[in-house]
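> A predicted structure for the sequence below; I have some questions about it.
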Amino acid sequence: MNVQLQSVTNQSTPDRVQFLQRSLDRLQRRIDRLQPQSNRYSWLRALVFGVGVALSALMLYTLGPWYFWGGLLVTLLLFGATVYLHRQVETALQQTINLQGIKRTQLARIALDWTGIPAARFDLPHYDHPFEADLDLVGPRSLHRLLDSTVTQQGSQHLRDWLTGAPPTVAALAARQTLVRELMPRSHFRNKLQLYGHLLMKGNDAWSAARLLAWLQPHTPSQTLRGWVIGLSVLALINAVLFGLYYWNILGSLWQVTLGVYALFYFWHSRTLSHTFEEAKTLEADIGRLSGIFGHLERYGYQDAPALGLLCAPFVTGAQRPSRYLRRISRIVAATGVQGNPVLALLLNALLPWGLFFAWQLAEWKRAVAADLPRWLAVWYELEAVSALAGYAWLNPQTTFPQFADAEAATPLTPVFAGTGIGHPLLVAAHKVRNDYTIDHLGEVAILTGSNMSGKSTFLKALGVNLALAYAGSVVDAQTFTTRRFRLFTCIKVSDSVTDGISYFYAEVQRLKALLDALEAAEALPLFFAVDEIFRGTNNRERLIGSRAYIRALAGQNGVGLISTHDLELIKLEEEVAGVTNYHFRDDIVAGLMDFDYRLRRGPSPTTNALRIMALEGLPIE
């Protein structure tokens, strides 16, 4: 099975930059128009209130109390209308400012301006992971930070899991690519999803639903509250009947006894009532902030995006839509609002179990939402992660969707990996050199030689990072990219550990042993490995002996990989071991300076530069 190869767009990166700059200019003009309006409404609110109260007081002394109350009513109505209009302008202004920030961040992502990209959600990678740390997938200047436009912790974690996890099936990758394709041109949809999400955030801290989901767990069973509401409603009716009989002199003051019983039972639930109002307000605030996102997903038309529509189906099909629950919580909050007025609350609760009734309604609402909210949130988290991939694809038109070859459908002549114009996504365009690379068969090992700073490590990382992007369902930084599904394992950023008493060499040995174990494991997927400067932590003689034995152990196994080295003696393995091939990067001296073209070439390196670098820097050499 093959996934159709397709370039993401026929536009260029400068086109994207110009488009975003024009958008920023339009947004700034709107801010310049809205800010004075907001200032004028601030003065108008104070003027309406002050003048209205003053005129009402004047009418009290000149025309009488009826005119005073009429003037006060008109003042309150005008003041309320002014406040409403002011809020509309303030909301539009804040949304415009937030959208401007989103556009600026997008420009920073294109330029790899890390100062303009939100801080990394995950500061440190897992160094024991097979490739997360080596490929700079997580951390301060990482691929995850470059892509991560999510506002939730769970959405950000989804994106990390996709970049660092095992490759899903070809069908699952095709489905995720379809979502990315549908979302990529829908920048307005993606921007609004991010814009509404910012309402939930505090600064750059990701939002988590953990507190909201904890609140939705019922503290008092709704069936228990329902029984008390029914019982107290019957008792309230008895109170009313007995009071009526007392009022018409038919019966004595028996109503005082039943009212006392009613009050006693009501007092028994005073703690429940005291929490109902505050809890309802808190839930409305959190759910209200989610309403922008959920409402956006409910209202959007998915006619031309069937995969996106299928993902968002819980928001647009059936009766259990978020808007239905939001209307209900608004009614509960409005009804429980009387708890803030002690006199009105006492009167209403004396006549009927008002507070307890809405406490029961709130418990019922929580029970219903607790069943559906996790489903809505799961869709939102996945949508955020896919939107991050789509945003990266839209901002980088030079990228392309990878093609995945099904192992069962492959022929002996089908390469297991082939890429043209492969670049590193974390390098700016001005410093990026692209290379072509092909691996024909499983079991092949490439020995990569070349001078210091010639580009060996960058090339190894470019291959690994693009494979991680491909298996996440994203576009890759290449002109064409066809690959089998591989497990990834790298040995690039090995470090010693003072606290654990582990030397650099021993840490490298442990890492290389783990790589060999992964290669020899009985796994269906083959391994793609990359080793940078093999056995650099030991002396030349033992490094050469160990490297030769290790490369022989890797060749012919269920995997493919590359090993960079300075030991030119290793290039002889191409003649001794089937499947071993030599590649190199070269350098030249131009006007007394080192010059690198960073181009991958077939064969062993013809030059070395360590002594020349020492000489150029003024160190003594023999």
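Noted; the coordinates are in hand.

> contact partners for the residue nearest to R109 when sequence neighbours are not counted?
Nearest non-adjacent residue to R109, counting by Cβ to Cβ, 6 or more residues apart in numbering: L395, 5.6 Å away. Backbone N, C-alpha and C define where each C-beta goes, glycine included. Each residue near L395 by Cβ atoms under 8 Å, 6 or more residues apart in numbering is listed here: R16, Q106, R109, I110.

> out of these, who's the most crowded?
Highest neighbour count within the contacts of L395: Q106, with 24 neighbours (other Cβ atoms under 10 Å).

> now that one: which helix or strand?
helix 65-111 (DSSP states H and E).

> mind checking the SS state of G419?
strand (DSSP: H, G, I helix; E, B strand; the rest coil).

> tally of neighbours for it?
28.

> is E569 in contact with L544, as I believe?
Yes: counting by Cβ atoms under 8 Å, E569 touches L544, with 5.5 Å between them.

> and those two? which has more neighbours close in?
L544 (17 against 12).

> and the helix holding Q106, what does it pack onto?
helix 13-62, helix 187-197, helix 354-395 (3 or more Cβ pairs under 8 Å, 6 or more residues apart in numbering; DSSP states H and E).

> could you give the angle of it to helix 13-62?
170 degrees (axes from the mean of the first three to the mean of the last three Cα atoms, to 10 degrees).

> centre of the chain versus helix 65-111, how much separation?
29 Å (Cα atoms, centre = their mean, to the nearest Å).

> list the helices and strands the helix or strand just after it packs on?
Moving toward the C-terminus from helix 65-111, the next helix or strand (DSSP H and E) is helix 143-147. Helices and strands touching helix 143-147, as assessed by 3+ Cβ pairs under 8 Å, 6+ apart, comprise helix 153-164, helix 354-395, helix 456-472.

> buried residues, helix 143-147. List them.
L143, H144, R145, L146, L147 (16 or more other Cβ atoms under 10 Å).

> quick one: contacts for the residue found closest to P322 once you drop the neighbours it is linked to in the chain?
The shortest distance from P322 to any non-neighbouring residue, by Cβ to Cβ, 6+ apart, is to F294 (3.8 Å). Contacts for F294 (Cβ under 8 Å, 6+ apart) come out as F315, P322, S323, L326, W376.

> go with 10 Å
196, 287, 314-315, 321-323, 325-326, 373, 376-377, 379-380 (Cβ atoms under 10 Å, 6 or more residues apart in numbering).

> now flag whichever of the residues you listed is closest to Y84.
Relative to Y84, the closest of the contacts of F294 is L326; by Cβ to Cβ it sits at 19.6 Å.

> what helix or strand is the residue nearest to that closest one when sequence neighbours are not counted on?
Once flanking residues are discounted, L326 sits nearest to S291: 5.1 Å by Cβ to Cβ, 6+ apart. Assigned by DSSP H and E, S291 belongs to helix 270-299.

> state the mean pLDDT of that helix.
The average pLDDT within helix 270-299 is 72.

> brilliant, that's me finished.
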